[in-house]
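In: Show me the folded form of this:
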Amino acid sequence: MSPLDLLRRIYAHDRDALFGAMRPDFTCHSPGQNLIAGTYVGAAAFKAHMAKMQALCDHSFREELQDTFLANDTWGMVVHRMTAERAGKRLDTWGFGLWRFEAGQLTDHWESVGDQAHWDDFWS
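Out: Just a heads-up that it's a prediction; the model follows:
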């Protein structure tokens with residue numbers, strides 16, 4: 001499967017494609033100074049990170065894809081708008097999912113956000 005096809009499947013919530021393509025040392029980098037910031041290594045840690053995000057916002061976190069998928073054999077990027085509600089706050093910001101591939105497997109994911117201060121305030 002090409003990196004572009006893999007990204008499309010990941011953002012269509014195909015968890016078999018996501019976790020099946022991860023190297024054991026896959027690393028997710030989540031930015032900022034907030035409750036979900038940090039570095040998560042391995043599939044179990046990434047699953048726990050995603051579950052924590054949803055739990056903190058009562059499963060209201062949503063990504064609205066902007067139909068922008070860019071990829072080559074090493075790098076991929078997906079543009080999306082992220083929304084959620086939590087503790088009287090509303091998240092609404094652009095995001096850029098940056099992915100790195102090596103030999104067809106996922107090695108890294110950087111959760112990049114359009115407004116870091118807004119992101120940190122929401123998740124704090």
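In: for the protein, which helix is longest?
Out: helix 43-56 (DSSP state H).
In: what about that one, distance to the chain center?
Out: 10 Å (CA atoms, centre = their mean, to the nearest Å).
In: list the buried ones in it?
Out: Across helix 43-56, burial judged by 16 or more other CB atoms under 10 Å covers 43, 46, 49-50, 53, 56. C-beta coordinates here come from the backbone N, C-alpha and C atoms, glycine included.
In: pLDDT averaged over that helix, what's the number?
Out: Helix 43-56 shows a mean pLDDT of 97.
In: what's downstream of it, the next helix or strand?
Out: Tracing the chain past helix 43-56, the next element assigned as helix or strand by DSSP states H and E is strand 62-71.
In: That next one packs against which elements?
Out: Packed against strand 62-71 by the contact rule (3 or more CB pairs under 8 Å, 6 or more residues apart in numbering; DSSP states H and E) you find helix 3-11, strand 75-86, strand 89-102.
In: can you give me the angle that strand makes with strand 89-102?
Out: 30 degrees (axes from the mean of the first three to the mean of the last three CA atoms, to 10 degrees).
In: Pull out the buried residues from strand 62-71.
Out: In strand 62-71, counting by 16+ other CB under 10 Å, buried: 69, 71.
In: That strand: partners in the sheet, and parallel or antiparallel?
Out: Using DSSP bridges, strand 62-71 pairs in its sheet with strand 75-86 (antiparallel).
In: which residues are in contact with the strand it pairs with?
Out: With contact meaning CB atoms under 8 Å, 6 or more residues apart in numbering, strand 75-86 is reached by 3-4, 6-7, 11, 56-58, 60-66, 68-71, 90-101, 113, 122-123.
In: And for stretch 23-36?
Out: Applying CB under 8 Å, 6+ apart, the external contacts of stretch 23-36 come out as 37-43, 45-46, 49, 52-53, 56, 102, 105-113, 116, 119-120, 122-124.
In: Now list the buried members of those.
Out: Using 16+ other CB under 10 Å, the buried ones in those are 40, 43, 46, 49, 53, 56, 106, 108-109, 111-113, 119-120, 122-123.
In: Now the lowest-mean-pLDDT helix or strand in the chain - C-alpha only, PDB.
Out: Within the chain, no helix or strand scores below strand 62-71, which has a mean of 90 by mean pLDDT, DSSP states H and E. C-alpha atoms of strand 62-71 as PDB (Å, rounded to 0.1, in the frame of the first residue of the first chain):
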ATOM      1  CA  ARG A  62     -13.700  15.400  15.700                       C
ATOM      2  CA  GLU A  63     -11.500  16.000  12.700                       C
ATOM      3  CA  GLU A  64     -12.900  17.500   9.600                       C
ATOM      4  CA  LEU A  65     -10.600  16.600   6.700                       C
ATOM      5  CA  GLN A  66      -9.800  19.300   4.200                       C
ATOM      6  CA  ASP A  67      -9.100  16.800   1.400                       C
ATOM      7  CA  THR A  68      -5.500  17.700   1.500                       C
ATOM      8  CA  PHE A  69      -3.300  14.600   1.600                       C
ATOM      9  CA  LEU A  70       0.300  14.900   0.600                       C
ATOM     10  CA  ALA A  71       2.800  12.000   0.600                       C
END
